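Q: here's a sequence, model it:
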Amino acid sequence: EVSCLVDCKYSATSDQLTLFAGGAEGHLGCWLMTPQGPACVAEMFDPNAHSEVVRGVDWDSDAGVLYTGGEDCKLCAWSTGGQSGVPVQGL
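A: Numbers count the residues shown, from 1 in each chain. Prediction:
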C-alpha cells in the first residue's frame with residue numbers, strides 16, 4: 001500500500017519523469033509518468049531491506065543501482081530488476 005511520495009526524478013536525456021512512492025513497511029514502487037497516465041515499472045520489497053518508510057532515493061544509472069534510505073536507518077542498494085534489497089555495509 002502506497003502511503004507517501006518519496007521523490008521524483010526527471011531525465012533530460014529521455015525526457016521522462018519517474019515517481020517513487022512507498023509504504024509503512026518499507027515497500028517502494030516506481031512509476032513512469034506517461035501521457036496516458038502513470039505506469040508501474042518496478043516494485044521493490046525485501047524483508048531484509050527496509051522495515052520502515054523509505055524517505056530518499058538516488059539512481060546511479062552507470063551502475064544500474066537504485067539506492068534507498070529509510071526511517072529504519074538503513075541504506076539499501078537495489079539491482080535494476082528490483083528483485084531484492086541488500087543493505088549496504090560501511091556507509
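Q: so where's the chain shaky on pLDDT?
A: 80-91 (pLDDT under 70).
Q: could I get the full set of strands for it?
A: Assigned by DSSP state E, the strands in the chain fall at 4-11, 16-22, 28-34, 37-44, 54-60, 65-70, 75-79, 85-87.
Q: will you turn these into a markdown table that also has mean neighbour count?
A: Bear in mind the C-beta positions are built from the backbone N, C-alpha and C, glycine included. Below are these laid out as a markdown table (neighbours: other Cβ atoms under 10 Å):
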| stretch | mean neighbour count |
| --- | --- |
| strand 4-11 | 13 |
| strand 16-22 | 19 |
| strand 28-34 | 18 |
| strand 37-44 | 13 |
| strand 54-60 | 16 |
| strand 65-70 | 20 |
| strand 75-79 | 19 |
| strand 85-87 | 17 |
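Q: any idea what the nearest residue to residue 33 once chain neighbours are set aside is bridged to?
A: Closest residue to residue 33 apart from its sequence neighbours, by Cβ to Cβ, 6 or more residues apart in numbering: residue 17 at 4.3 Å. Beta-bridge partners recorded for residue 17 (DSSP bridges): residue 10, residue 33.
Q: now residue 65
A: residue 60, residue 79.
Q: what do you get for the one 5 residues further on?
A: Residue 70 has the following beta-bridge partners by DSSP bridges: residue 54.
Q: how far away is it from residue 78?
A: Note on residue 70: its distance to residue 78, by Cβ to Cβ, to the nearest Å, is 12 Å.
Q: now do the contacts for the closest residue to residue 69 other than its chain neighbours.
A: Residue nearest to residue 69 in three dimensions, not counting chain neighbours: residue 56, with 4.3 Å by Cβ to Cβ, 6+ apart. By Cβ atoms under 8 Å, 6 or more residues apart in numbering, the contact set of residue 56 is 6, 7, 68, 69, 70.
Q: quick one: residue 56 from residue 2, how far?
A: For residue 56 relative to residue 2 (Cβ to Cβ), the value is 16 Å.
Q: kindly report the same for residue 40.
A: Taking Cβ to Cβ, one finds residue 40 at 10 Å from residue 2.
Q: over to residue 76?
A: Noted for residue 76: a distance of 18 Å to residue 2, by Cβ to Cβ.
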